[in-house]
Every structure is written in C-alpha cells, then in structure tokens.
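[1] Let's see this in three dimensions:
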Amino acid sequence: MASVVTICTDALLRLGDRPINTLDEQTDRARLCSNLFAQARDFVIRRHLWNSCIKRVALAPLAAAPAFEWDFQFLLPADCLRVLSLGENRTFTDYRVEGSESGRVILCDENPLYLRYVWRNEDPATWDPGLIEAVTARMTVLLAYPITKSAAVRDAMESSSEREQKVSRAIDGQEDVTDESVSSTFIGVRA
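    Numbering: from 1, shown residues only. Below is the predicted model of the structure:
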C-alpha cells in the first residue's frame, strides 16, 4: 500500500540513496522529503484531472455579496486545487475566481452553486497507481540535486518524470468519456 514514506523512499532509491523509515527521522533525507512532498503532490495533482482527486459539492453563498458585477460569492473549499466546472451536469456557468479576506472565492450569479473540482487528496492509499508513479517521479526530480549534487542527474530525472507523467495521465484519462465523444454522439443522432 502506498504511503508518503514509500513514495519518498522509492524516489530516494531511484537516486541511489538509502530509504527512510519515517518523515520524522533526524536525517537530511527525511527532512528533504518532509519539506518537498506536499509541493510535489499538489503540483502533480493540479496538472491533471486524476479520477481519484475529483470532488463535487454544492456551495451556499457567503452572507456578503460581491461589491459589484456578480450576485453571489462562494468560499472555495480549503482542499480545492483547481476549479473544473460549475453548474449541474457540467453546464456552463459564467464565474470568476478571486481572493478575499476569507480565502479564495468564486463569484457568479447562480445559487446554489454546484462545483466540480480537483481536490488535495492527501492519502496515497486511495491514489491510482499512475498518480503514485507520477508523484514518485516528481519527488525524484525535487530530490535529485540535493541528494546527488548533480545538475545533469536532475535534468535527466526531469525528462524522465515528464515522460512518466504523460503516460500516467493518458492511462488515467482513458477511464472517462470525453466531452468530445459525448457531443459527437449527439451530432450523429441529429444528422
């Protein structure tokens, strides 16, 4: 079963280093992994619509309306890394994402607001194997220079990581019906 420690250990082993047992170890390797893991995870999750990292929620508006232009504002969930769509059945809803004193908000004219988004799934045990591989590859890139002191190794790991992530994203994406295939079906029915 995948965990933060197994992902970090796999990345370290790919660089020819020793494994870690916990992120709390008093070693430079463990401290590096502890400092870099969240960055690597969020970077990889935000770049693709991983099936294990998509959520849906109905949001209620905040008490205060926006100062102008929009009728409502909604606080984005704290675990939201990327907004995918608004509205029921992914119907188009005009909106804007902005910052506020409360956090990131969505401004729009619909209430309630149905939000589909990429969330910060922090449990590697629930991830697809491709996502595990992609985060491991990204950790390898981030650890490469601090561990090996070699820019050439880091650059090689970066190229390898990009290839691995493309393959993993392609496989994950094959589980979904694309909007294009749905619309082409409707076009064929109308003809």
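[2] Tell me where this protein has helices.
    Along the chain, counting by DSSP state H, helices occupy 4-14, 28-47, 129-148, 151-173, 179-190.
[3] which one of these has the lowest average pLDDT?
    Across these, helix 179-190 has the smallest mean pLDDT, namely a mean of 45.
[4] Tabulate the helices of the chain (a markdown table), appending distance to residue 72.
    Using the backbone N, CA and C atoms, a C-beta is placed for each residue, glycine as well. Output for these, formatted as a markdown table (distance: least, Cβ to Cβ, whole Å):
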| stretch | distance to residue 72 |
| --- | --- |
| helix 4-14 | 38 |
| helix 28-47 | 25 |
| helix 129-148 | 34 |
| helix 151-173 | 33 |
| helix 179-190 | 26 |
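[5] Pick the most deeply packed of these.
    For these, the largest average neighbour count (mean count of other Cβ atoms under 10 Å) is found in helix 129-148, namely a mean of 22.
[6] Show me how far it is from its chain's centre.
    15 Å (Cα atoms, centre = their mean, to the nearest Å).
[7] tilt between that helix and helix 151-173?
    Put simply, helix 129-148 runs at 170 degrees to helix 151-173, going by axes from the mean of the first three to the mean of the last three Cα atoms, to 10 degrees.
[8] who does helix 129-148 touch, helix- and strand-wise?
    helix 4-14, helix 28-47, helix 151-173 (3 or more Cβ pairs under 8 Å, 6 or more residues apart in numbering; DSSP states H and E).
[9] what's the closest of the ones you listed to residue 63?
    Judged by Cβ to Cβ, the one of the helices and strands packed on helix 129-148 that comes nearest to residue 63 is helix 28-47, at 29.8 Å.
[10] so what does the closest one touch, helix or strand wise?
    Short answer (3+ Cβ pairs under 8 Å, 6+ apart): helix 28-47 packs on helix 4-14, strand 80-86, helix 129-148, helix 151-173.
[11] domain parsing for the chain?
    4-49+132-176, 52-119 (automatic domain parsing).
[12] so can I have CSV of those domains showing distance to residue 126?
    Listed next are the domains of the chain as CSV, based on distance: least, Cβ to Cβ, whole Å:
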stretch, distance to residue 126
domain 4-49+132-176, 10
domain 52-119, 6
